[in-house]
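Student: Next input, structure requested:
(one chain, ligands or ions: 2)
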Amino acid sequence: MSRETEGVKYVSTRGTAPELGFEEALLTGLARDGGLYVPAEWPSFSEAEIRALSGASYEETAFAVMKPFIGGAVPDEDLKGMIEAAYASFGHKSVAPLSQIGPNDWLMELYHGPTLAFKDVAMQILARLFDYALARRGERITIVGATSGDTGSAAIEAFKGRETTDIFILHPKGRVSDVQRRQMTTVLDANVHNIAIEGSFDDCQALVKALFNDHGFRDEIRLAGVNSINWGRVMAQIVYYFTSAIALGAPARTISFSVPTGNFGDIFAGYVAKQMGLPIEQLIIATNRNDILSRVMTSGRYEVGEVMPTMSPSMDIQVSSNFERLLFDMYERDGAKVAGLMNSLSQSGGFSVDEERLALTRRLFGAARASEEETAATIERIFKETGRLIDPHTAVGVKAAEEKRQGKDVPMVTLSTAHPAKFPAPVEKVTGQHPALPARMEGLFEREERCATLANDVKALSAYIRERARVVAA
Ligand SMILES: Cc1ncc(COP(=O)(O)O)c(C=O)c1O
Ligand SMILES: N[C@@H](CCOP(=O)(O)O)C(=O)O
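Tutor: Ligands and ions are numbered 1, 2, ... in the order given. Model (predicted):
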């Protein structure tokens with residue numbers, strides 16, 4: 001691994017925004033040319049360095065994996081302190097434990113954080129990194145984020161009450177589960193603002209991007225992002241690919257992962273782990289019937305359609321932000337090419353990927369889509385075979401793993417991205433069992449809710465935020 005990490009540089013996938021250091025990339029979110037920041041180079045670990053992590057705690061591995069992306073921006077002792085604090089509240093001391101569901105099949109339980117979904121793993125450290133940087137600079141920011149349910153609850157939990165930050169979270173009205181909505185709207189801290197948008201998650205995400213692309217507004221409210229457009233989110237998610245692969249025998253063995261996918265952030269973290277030297281055999285893109293990602297892998301055509309509601313609502317997404325980061329690597333980091341593809345996406349709703357580049361990508365990525373019936377049948381089967389309740393997003397991952405796995409000898413880890421109690425209705429319907437919320441969430445359904453409703457209109461949204469954000473432009 002290169003020890004020369006002092007000045008880690010970040011570049012935009014569209015090639016024209018300024019290169020930034022770690023802290024600026026973190027606070028900037030979306031690049032000013034509309035692209036996403038990625039490190040100028042992927043750091044790499046030797047086999048011996050990966051082997052040395054066997055027996056390390058989650059926190060120790062997190063430090064080793066994230067440090068090369070942070071460089072000198074945070075002194076080691078401070079970073080270690082933030083990592084310890086981030087995971088202290090998790091309900092399992094391994095943070096992301098593995099449990100076996102078949103002879104060579106595993107679930108990685110990513111739902112032991114405060115809001116019961118994998119987003120907590122990154123959000124808990126991200127909030128601390130933000131606070132650290134802002135306190136050092138004596139600055140405040142305004143976070144605006146889009147959620148299909150889980151990012152929003154994790155972000156609100158991580159940023160509530162923080163002096164440095166106001167947070168505005170947009171969710172698609174009526175399209176998140178009751179537990180997800182209440183996890184957001186019952187947080188009444190003065191710096192938290194929930195907004196239900198009359199539209200889909202894609203509309204919410206497009207509104208956030210429009211705010212970022214309005215440079216005047218962006219500078220005025222000191223806009224920052226906590227969606228996976230923010231590199232810090234992806235960075236923190238790389239860690240659990242390392243901990244799980246090492247627990248199952250890496251670097252001596254290769255491991256495959258099936259990843260329930262919507263915005264392509266979580267699976268992109270797996271791709272980065274592979275670039276860093278982790279021996280990953282296969283990464284399976286698991287989608288529900290909003291299957292734009294499985295279609296692009298099969299046909300090469302990325303074509304946006306209507307978002308369809310499913311029992312895995314957090315993945316009801318068509319415009320998948322982080323696919324742009326993969327395209328950047330597929331096109332040898334040619335920012336102009338990526339900008340062209342993204343332009344065609346916004347002008348005509350789609351673009352095509354060259355067949356030869358796709359063929360190379362398919363060496364690592366498989367893709368499968370689970371229908372609603374298949375998702376329900378998988379929840380039922382896993383319950384019958386193992387006595388476990390799994391949530392519908394996890395079920396999509398398990399189904400895709402069954403369909404796409406190559407080689408029975410390679411351990412297959414499905415990312416279990418949410419606790420079943422976040423989506424009780426479909427789980428209870430097929431198993432007859434009601435997945436209970438943990439005791440610490442008792443009273444969630446009795447608490448007062450606070451949430452505004454706005455049309456899918458960027459002007460109305462920016463006016464609403466401007467009135468409430470406490471940041472005043474310098
Ligand atoms: C429970 C759950 N599973 C899977 C996903 C998909 O993750 P990603 O958007 O990183 O692909 C999400 C949200 O994004 C989620 O909330
Ligand atoms: N499924 C997500 C959608 C937003 O994705 P992100 O990873 O880009 O924040 C959610 O639950 O909000």
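Student: In the longest helix along the chain, which residues are buried?
Tutor: When every helix of the chain is counted residue by residue (DSSP state H), the longest turns out to be helix 119-137. For helix 119-137, burial by neighbour count (16 or more other Cβ atoms under 10 Å) applies to 119-134. Where you see a C-beta, it was placed from the backbone N, CA and C, and this is true even at glycine.
Student: what about stretch 172-181, near ligand 2?
Tutor: No: judged by Cβ under 6 Å from any ligand atom, stretch 172-181 stays clear of ligand 2, getting no closer than 7.7 Å.
Student: Pull the distance from that stretch to the chain's centre.
Tutor: Taking Cα atoms, centre = their mean, to the nearest Å, the mean C-alpha location of stretch 172-181 is offset from the chain mean by 18 Å.
Student: Any buried residues in it, and which?
Tutor: In stretch 172-181, counting by 16+ other Cβ under 10 Å, buried: 172, 173, 175, 176, 177, 179, 180, 181.
Student: among the residues you listed, which are in strands?
Tutor: Taking DSSP state E, the ones among the buried residues of stretch 172-181 that sit in strands are residue 172.
Student: In contact with residue 244, which residues?
Tutor: By Cβ atoms under 8 Å, 6 or more residues apart in numbering, residue 244 lies in contact with 96, 98, 106, 108, 255, 257, 413.
Student: 6 Å instead, please
Tutor: 98, 108, 413 (Cβ atoms under 6 Å, 6 or more residues apart in numbering).
Student: quick one, what contacts the first one?
Tutor: Under the criterion of Cβ under 6 Å, 6+ apart, the neighbours of residue 98 are 106, 108, 244, 247.
Student: and if you look at the second one?
Tutor: With contacts taken as Cβ under 6 Å, 6+ apart, residue 108 has the following neighbours: 96, 98, 244, 413, 415.
Student: run the last query once more with 10 Å
Tutor: By Cβ atoms under 10 Å, 6 or more residues apart in numbering, the contact list for residue 108 reads 96-99, 118, 240-241, 243-245, 247, 257-259, 394, 397, 413-417.
Student: among these, which are within reach of ligand 1?
Tutor: Okay, of those touching ligand 1 (Cβ under 6 Å from any ligand atom), that's residue 417.
Student: which of the contacts of residue 108 are buried?
Tutor: Buried members of these, counted by 16+ other Cβ under 10 Å: 96-98, 118, 240-241, 243-245, 247, 257-259, 394, 397, 413-417.
Student: Let's see which of the residues you listed end up in helices.
Tutor: 240, 241, 243, 244, 245, 247, 394, 397.
Student: Quick check: the first one vs ligand 1, distance?
Tutor: Just to be clear, that refers to residue 240. 13 Å (Cβ to the nearest ligand atom, to the nearest Å).
Student: Check the third one too.
Tutor: Using Cβ to the nearest ligand atom, one gets 18 Å for the distance from residue 243 to ligand 1.
Student: so what's that residue closest to, chain neighbours aside?
Tutor: Take residue 243 and drop its neighbours on the chain: the residue closest to it by Cβ to Cβ, 6 or more residues apart in numbering is residue 61, 5.1 Å away.
Student: Quick check: residue 179 vs residue 101, distance?
Tutor: Residue 179 is 24 Å from residue 101, where distance means Cβ to Cβ, to the nearest Å.
Student: What of residue 191?
Tutor: For residue 191, the distance to residue 101 - Cβ to Cβ - is 41 Å.
Student: who in the stretch 101-250 of the chain is up against ligand 1?
Tutor: 117, 150, 228.
Student: In terms of neighbours, single out the busier of residue 191 and residue 101.
Tutor: residue 191 (22 against 18; other Cβ atoms under 10 Å).
Student: Just to check, that one is in contact with residue 158?
Tutor: No: assessed by Cβ atoms under 10 Å, residue 191 is found out of contact with residue 158, at 11.9 Å.
Student: Find residues that contact each of these two.
Tutor: The contact lists of residue 191 and residue 158 share 165, 167, where a contact means Cβ under 10 Å, 6+ apart.
Student: Show residues contacting stretch 352-364.
Tutor: Counting by Cβ under 10 Å, 6+ apart, residues outside stretch 352-364 touching it are 256, 270-271, 274, 280-283, 296-303, 323, 326-327, 329-332, 341, 344, 365.
Student: Near ligand 1, which residues of the stretch 351-474 of the chain are found?
Tutor: Selection of the stretch 351-474 of the chain residues close to ligand 1 by Cβ under 6 Å from any ligand atom yields 393, 417, 418.
Student: pLDDT and distance to residue 467 for those - can I get that in CSV?
Tutor: Listed next are these as CSV, based on pLDDT from 0 to 100; distance: Cβ to Cβ, whole Å:
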residue, pLDDT, distance to residue 467
393, 98, 36
417, 98, 35
418, 98, 34
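Student: Please convert those to TSV, extending it with distance to residue 17.
Tutor: As requested, those are arranged in TSV below (distance: Cβ to Cβ, whole Å):
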residue	distance to residue 17
393	33
417	30
418	33
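Student: Residue 54: which of the residues you listed is nearest?
Tutor: Among these, residue 417 lies closest to residue 54 (Cβ to Cβ), at 25.2 Å.
Student: What residues does that closest one make contact with?
Tutor: 108-111, 117-119, 150, 259-262, 266, 286, 312, 314-315, 391, 393-394, 396-397.
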